[in-house]
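*Asks:* what follows is a predicted protein model with its sequence.
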Amino acid sequence: MRAPPELKAIHPLGKSPIVTVERPEYAQPLVLAESGAIVEYLLNHFGGEEKGLVPRKYASEEDAAKNLEMEEWLRYRFYMHYVEGSLMPQMVTGLILDNIRNVPIPFFLKPIPRLVADNIQMNWLDKQFAVHFPFLEGQLKSAPGTSDGQRGGLCGAKFNAADILMSFPIIAATGRGLITKESYPEIVAFAERLKNDDGYQRAVKKIEEVDGKFVASL
């Protein structure tokens, strides 16, 4: 679960992902950590709004003068922070519990860690999922510019950077069976739209070229 120790030579936290930016104006390369911070930097420096990855903030100059943001933009801002601040901690907790269940110990001791992990799962983690997943299901149904026959992302009719960040935990959760079509049909359909997106497919192909395989799982 830990990144290779060599990453500490690049960033003190030794975390992944990391992006290094080199510019003539910089005495040393700029090293960025944390997914949200990296994505926001890329959006700000490489035309996020022009590419449609950042929603329009105001519907009119009058709304801008009153600081009346559009719902799509407000959702975008929320999900840019929600994914790492609220959803991913639950997903990582589930991964830790799986590791506890499968800890390499003598077989006659295995029921003990499994009992502990199952107790945490039942009394805490499942209750967290029971809050987050219905919330996301409802958000997809109510996303502005969408309808029952024409869904998009969590923020609106088209995917934006927040949907890209949300893609990993959503696709991982469906792959682990935490989210099923019977319980959360909107989320499962959203995951399929993400996986079929051209940009996602290009990213998968690039990862496969570098690592030889790609698995969207936790």
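*Replies:* Arrived safely. Just so it is clear, the structure is predicted and the values come from calculations on it, not from any experiment.
*Asks:* quick one: which helix or strand includes the residue nearest to residue 105 when sequence neighbours are not counted?
*Replies:* Nearest non-adjacent residue to residue 105, counting by CB to CB, 6 or more residues apart in numbering: residue 113, 7.2 Å away. Using the backbone N, CA and C atoms, a C-beta is placed for each residue, glycine as well. If you go by DSSP states H and E, residue 113 is part of helix 111-120.
*Asks:* distance from that helix to the middle of the chain?
*Replies:* Going by CA atoms, centre = their mean, to the nearest Å, the spacing between the C-alpha centre of helix 111-120 and its chain's C-alpha centre is 28 Å.
*Asks:* and the helix or strand just after it with helix 111-120, angle?
*Replies:* Counting by DSSP H and E, the element after helix 111-120 in chain order, helix or strand, is helix 126-142. Interaxial angle, helix 126-142 versus helix 111-120 (axes from the mean of the first three to the mean of the last three CA atoms, to 10 degrees): 40 degrees.
*Asks:* only the buried residues of the helix or strand following helix 126-142, if you could.
*Replies:* Per DSSP H and E, the first helix or strand lying C-terminal to helix 126-142 is helix 161-175. By 16 or more other CB atoms under 10 Å, the buried positions in helix 161-175 come out as 161-174.
*Asks:* ditto for stretch 79-96
*Replies:* Buried, per 16+ other CB under 10 Å, within stretch 79-96: 79, 80, 82, 83, 87, 88, 90, 91, 94.
*Asks:* tell me which two in those are the farthest apart.
*Replies:* The most widely separated members of the buried residues of stretch 79-96, counting by CB to CB, are 80 and 94 (22.5 Å).
*Asks:* quick one: low-confidence parts of the chain?
*Replies:* The chain contains residues with pLDDT under 70 at 1-2, 218.
*Asks:* same thing but at 80, please
*Replies:* By pLDDT under 80, the low-scoring segments of the chain are 1-3, 216-218.
*Asks:* got a list of what the residue nearest the centre of the chain touches?
*Replies:* Centroid-nearest residue in the chain, with CA atoms, centre = their mean: residue 166, separated by 3.0 Å. Neighbouring residues of residue 166 by CB atoms under 8 Å, 6 or more residues apart in numbering: 79, 83, 87, 154.
*Asks:* what's the spacing between the residue lying closest to the second one once chain neighbours are set aside and residue 53?
*Replies:* Across the structure, with CB to CB, 6+ apart as the measure, the residue nearest residue 83 apart from its sequence neighbours is residue 165 (4.7 Å). Counting by CB to CB, to the nearest Å, the gap between residue 165 and residue 53 amounts to 11 Å.
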